[in-house]
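**Student:** Any chance you could fold what I've pasted below:
(chains A and B)
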2 protein chains.
Amino acid sequence: MIHGDKMIGYPTKVSFDVSEEKNRSSASHIGRGMSLENDINDSNDYYLATDRACIHKKPTPIQVVRVDYPNRAHAKIVEAYYKIPSTTDYNGVYRGKAIDFEAKQTKNKGSFPFQLIHPHQIEHMKKVLLHGGIAFVILRFTTHNETYLIDGKDMIRAYEDPTLKSLSYNKVKKIGILIEENYIPRLKYLDAVDQMYFKEELYGKENKAEK
Amino acid sequence: MIHGDKMIGYPTKVSFDVSEEKNRSSASHIGRGMSLENDINDSNDYYLATDRACIHKKPTPIQVVRVDYPNRAHAKIVEAYYKIPSTTDYNGVYRGKAIDFEAKQTKNKGSFPFQLIHPHQIEHMKKVLLHGGIAFVILRFTTHNETYLIDGKDMIRAYEDPTLKSLSYNKVKKIGILIEENYIPRLKYLDAVDQMYFKEELYGKENKAEK
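**Tutor:** Numbers count the residues shown, from 1 in each chain, chains lettered A, B, ... in the order given. Below is the predicted model of the structure:
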């Protein structure tokens, strides 16, 4: 029914072009971001299979305009467009908490440009935090071959600082947690989440008071 | 860029046909489920705007096969297919907890047939529960004009009972919570969530012990 194997990379490549880098729609950016997304998806599969967490990538939002029915059981979409996501890309449950995050990568050496994050996504992270979820951003500097976890509150604060148009690499090194890369899982980002958000639990405080 | 206004109902109608009722692909089912989905989406908008919760419908998963580029900035999808969802349709954060649910409706008077729920969705609910999230199903009996919240554990137990192929209407009335319908929000399902999962908090026990 679905015969997309030969073009397996298509949806996401285009998605990255359309949604995330729309503001600067530079054709050279198409395809960037694929490896980070694959790494996270692989890690999520591993975390799900080993009962560490239940975290999924949300499907890319698509506006369907026209559908053909070659037969009753099969719907073939023949006209559709990518939409700008109103939320972040990943969410789920970990250690009893709602987890919500966005993942971005840049070829820039010196900073992570805020234009890679959509304002809707910042608003969404605020809402997640307001209701008691954990929100963060995973940033990859492809040139340095390094991936960091940045707390959502830090990202929001920097994003909303009118004097900043990017987060410097040095700042990321200071406020972020470097995510260890490995074979399985590819990106041990939940270890970074543990460090950032579950230190008390990990150090044996069993009855953490509710904040 | 997106000119789908005139056909706004298309994506979901087809989605309902393809994904949820695939097992019995009966053409007469196309279009069912729209009103419940709209009611929930409206309620979610209201809950989001009033800072009661942050809950969203996930986009319908679509396998994109072919994309045209009329120009650099615009991607037009010209061949794509609906995929079977591997998770439930709705999730988010409420009162510090991860919330995850599926919504289904039936015209049946006497029972809710399990074939309307995909096995993947049952597996997903188990994972959500395992990691400490709240999982449930919203069931609407269109003939009775009644909508119920059923706890995920109850739904899983019934679904996995080899002697059952459906959940009887009487059982739903017994184990479910009737969701009040209103103008704003259309479906006060978080009140039912409060009753089902947050009774202790609501009755003033401030230091609920962790289970």
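
**Student:** buried residues in the strand or helix carrying A:Gln63?
**Tutor:** A:Gln63 belongs to strand A:62-71 when assigned by DSSP states H and E. Within strand A:62-71, the residues that count as buried by 16 or more other CB atoms under 10 Å in any protein chain shown are A:62-65, A:67. No exception for glycine: its C-beta is placed from N, CA and C like everyone else's.

**Student:** before we move on, what about stretch A:148-155?
**Tutor:** Result for stretch A:148-155 [16+ other CB under 10 Å]: buried residues A:148-152, A:154-155.

**Student:** ok, which of the buried residues of strand A:62-71 also contact chain B?
**Tutor:** Applying CB under 8 Å from any CB of the partner chain to the buried residues of strand A:62-71, one finds that A:62-65, A:67 fall near chain B.

**Student:** Among these, which one lies nearest to B:Glu200?
**Tutor:** Of all these, B:Glu200 sits closest to A:Ile62, with 41.6 Å by CB to CB.

**Student:** Could you list which residues are in contact with that closest one?
**Tutor:** A:80-83, B:11, B:59-60, B:62, B:64, B:77, B:80 (CB atoms under 8 Å, 6 or more residues apart in numbering or on different chains).

**Student:** okay, who's weakest in those by pLDDT?
**Tutor:** Here the lowest pLDDT out of the contacts of A:Ile62 sits on B:Pro11, with 37.

**Student:** Show the contacting residues for the residue nearest to A:Leu130 when sequence neighbours are not counted.
**Tutor:** In space, and not counting its chain neighbours, A:Leu130 is closest to B:Asp51: 6.3 Å by CB to CB, 6 or more residues apart in numbering or on different chains. Remark: with contacts taken as CB under 8 Å, 6+ apart, B:Asp51 is in contact with A:127, A:130-131.

**Student:** Buried ones among these?
**Tutor:** Judged by 16+ other CB under 10 Å, buried ones among these: A:127, A:131.

**Student:** Output the contacts of B:Asp51 in JSON lines, with pLDDT appended to each entry.
**Tutor:** Shown next, in JSON lines, are the contacts of B:Asp51 (pLDDT from 0 to 100):
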{"residue": "A:Lys127", "pLDDT": "98"}
{"residue": "A:Leu130", "pLDDT": "98"}
{"residue": "A:His131", "pLDDT": "98"}
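
**Student:** Turn the contacts of B:Asp51 into JSON lines, including secondary structure.
**Tutor:** Converted to JSON lines, the contacts of B:Asp51 look like this (DSSP: H, G, I helix; E, B strand; the rest coil):
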{"residue": "A:Lys127", "secondary structure": "helix"}
{"residue": "A:Leu130", "secondary structure": "helix"}
{"residue": "A:His131", "secondary structure": "coil"}
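
**Student:** My read is that A:Thr143 contacts A:Lys107, right?
**Tutor:** Yes: the pair A:Thr143 / A:Lys107 is scored as a contact, 5.8 Å apart, by CB atoms under 8 Å.

**Student:** where does chain A dip in pLDDT?
**Tutor:** A:1-34, A:204-211 (pLDDT under 70).

**Student:** buried set for the longest helix seen in chain A?
**Tutor:** If you go by DSSP state H, chain A has its longest helix at helix A:34-49. Of the residues in helix A:34-49, A:36-37, A:39-41, A:43-44, A:46-48 count as buried by neighbour count, 16+ other CB under 10 Å.

**Student:** is chain B contacted by that helix?
**Tutor:** Yes: using CB under 8 Å from any CB, a contact is recorded between helix A:34-49 and chain B, made by A:Leu48.

**Student:** Return the alpha-carbon coordinates of whichever helix or strand comes after that helix using PDB.
**Tutor:** Under the assignment DSSP H and E, the closest C-terminal helix or strand after helix A:34-49 is strand A:54-57. This file holds the C-alpha atoms of strand A:54-57, laid out as PDB (Å, rounded to 0.1, in the frame of the first residue of the first chain):
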ATOM      1  CA  CYS A  54       8.000   6.600  25.800                       C
ATOM      2  CA  ILE A  55       9.000   9.500  23.500                       C
ATOM      3  CA  HIS A  56       8.000   9.900  19.900                       C
ATOM      4  CA  LYS A  57       8.500  12.300  17.000                       C
END
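
**Student:** all strands of chain A, in order?
**Tutor:** Taking DSSP state E as the test, the strands found in chain A are A:54-57, A:62-71, A:74-82, A:90-94, A:97-106, A:111-113, A:134-141, A:146-151, A:166-168, A:177-178.

**Student:** And for the residue nearest to A:Leu202 when sequence neighbours are not counted, the neighbour number?
**Tutor:** Closest residue to A:Leu202 apart from its sequence neighbours, by CB to CB, 6+ apart: A:Asp194 at 5.8 Å. Using other CB atoms under 10 Å in any protein chain shown, A:Asp194 has 16 neighbouring residues.

**Student:** thought A:Gln195 was touching A:Ile177?
**Tutor:** Yes: counting by CB under 8 Å, A:Gln195 does reach A:Ile177; the two are 5.4 Å apart.

**Student:** So which of these two has more stuff around it?
**Tutor:** Neighbour count, other CB under 10 Å: between A:Gln195 and A:Ile177, A:Ile177 has more, with 19 against 14.

**Student:** check contacts around the nearest residue to the more buried one once chain neighbours are set aside.
**Tutor:** Counting by CB to CB, 6+ apart, A:Ala192 is the residue found nearest to A:Ile177 once chain neighbours are left out, at 4.3 Å. Residues in contact with A:Ala192 (CB under 8 Å, 6+ apart) are A:149, A:177-180.

**Student:** Closest one to chain B out of those residues, please.
**Tutor:** Taking CB to the nearest CB as the measure, A:Leu149 is the one of these closest to chain B, at 18.8 Å.

**Student:** ok, the nearest residue to A:Lys188 once chain neighbours are set aside - how many residues close by?
**Tutor:** Excluding the flanking residues, the one nearest A:Lys188 by CB to CB, 6+ apart is A:Glu180, at 4.5 Å. Here the number of neighbours of A:Glu180 (other CB under 10 Å) works out to 12.
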